[in-house]
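Trainee: Structure for the following, please:
(chains A and B)
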Amino acid sequence: MIFLETTLFVIAIYIVLVLVRVILGPTIWDRLLGLNAISAKMIMSIVILAIITNQSYLLDVALVYALLGFISTVLIARFIEKKGDIS
Amino acid sequence: MTENIFLITLVVLAIVALNTKKLRRAVVYLGAFSLVSSFVYLLYGAPDVAIAEAIIGSTITTVLYLVALRKYQVFSIYYANSVGDQTSRYLNDNSTFLNNLEAFLIQREMEPQLIYSGAPIETIVDQEKFDLAIHHTDQDIWIYGCAEDYQLDAVEEYLLTNYGDLNIHLIRCAEGEDNEA
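Mentor: Below is the predicted model:
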């Protein structure tokens, strides 16, 4: 159990590190990739939370995330539709 | 401890999303905010709320914001070209003028859409939906704009600083009535 909680803590640290890139990132692409990375880390931490609390319905939430998480990334990328350093 | 990290992340994202200068960035920050907030819902034992937040917050809201940004960015400029033979004399001047105006609007994150029209200016002002309508006679340039459009103040300032020597008359129409500004 201590292992799982440590893992969750480390993933939380990762999310903070990616968040620095999302906030500082010079171009919009850095922010977009950071958003995608945060979404992946969120799915992992939801699965680990499901193992810790021993509740299998949390896995449904992770599934919804994995299915819908990419849509916002794809749509923002479609919306910008330009090349280069766009802030 | 982990809980505290997520809560602080949430507060930081909310503040950053409010303080950002560009709307695109705010959309990205709000996406990250809704991701983290739905995980916090899970931590406090509300998985159904978390599913709703994941579907509505991070998907539908992003789509709606992006569609709204697209609509808001289109800035239509009507150029009434009804002077006839005299246009050839002024078209060169006016096209650099229009190009500079377009570059200024692009710099302000708008998408200018230039429409050349042969109709007289009165018909355009009465019937069309426009953000700016431009019409010129021999000496004067007449620009019609909608008073509720808050880009118009920036456009006026830009025109005054860069084209102060031309005779530019900016006319703001509010609810069908022409008020000269």
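
Trainee: Confirm that residue B:55 sits in a strand.
Mentor: No: judged by DSSP: H, G, I helix; E, B strand; the rest coil, residue B:55 forms no part of a strand; its state is helix.

Trainee: burial count for it?
Mentor: 16 (other CB atoms under 10 Å in any protein chain shown). Every residue, glycine included, has its C-beta placed from N, CA and C.

Trainee: try residue B:99
Mentor: Counted by other CB under 10 Å, the residues lying close to residue B:99 total 12.

Trainee: ditto for residue B:120
Mentor: Using other CB under 10 Å: residue B:120 sits among 12 other residues.

Trainee: any idea how far it lies from residue B:145?
Mentor: Counting by CB to CB, to the nearest Å, the gap from residue B:120 to residue B:145 is 18 Å.

Trainee: Residue B:66 too?
Mentor: Remark: distance between residue B:66 and residue B:145 (CB to CB) = 27 Å.

Trainee: More neighbours: which of those two?
Mentor: Between residue B:66 and residue B:145, counted using other CB under 10 Å, the more crowded position is residue B:145 (22 against 19).

Trainee: Just to be sure, the more buried one is in a strand?
Mentor: Yes: assigned with three-state DSSP, residue B:145 falls within a strand.

Trainee: in which helix or strand would I find the closest residue to it other than its chain neighbours?
Mentor: Among residues not flanking residue B:145 along the chain, residue B:152 sits closest, at 4.4 Å (CB to CB, 6 or more residues apart in numbering or on different chains). Assigned by DSSP states H and E, residue B:152 falls within helix B:151-162.

Trainee: Okay, now the sheet partners of the helix or strand following that helix, with direction.
Mentor: Downstream of helix B:151-162, the first helix or strand assigned by DSSP H and E is strand B:167-174. Here strand B:167-174 is paired, per DSSP bridges, with strand B:140-146 (parallel), strand B:177-180 (antiparallel).

Trainee: What parts of chain A come near chain B?
Mentor: Selection of chain A residues close to chain B by CB under 8 Å from any CB of the partner chain yields A:5, A:8-9, A:12-13, A:15-16, A:19, A:22-23, A:28, A:31-32, A:34-35, A:38-39, A:42, A:45-46, A:49, A:55, A:57-58, A:60-61, A:64-65, A:68-69, A:71-72, A:75-76, A:79-80, A:87.

Trainee: From these, list the buried ones, please.
Mentor: Buried members of these, counted by 16 or more other CB atoms under 10 Å in any protein chain shown: A:8, A:12, A:15, A:19, A:22-23, A:28, A:31-32, A:34-35, A:38-39, A:42, A:45-46, A:49, A:58, A:61, A:64-65, A:68-69, A:72, A:75-76, A:79.
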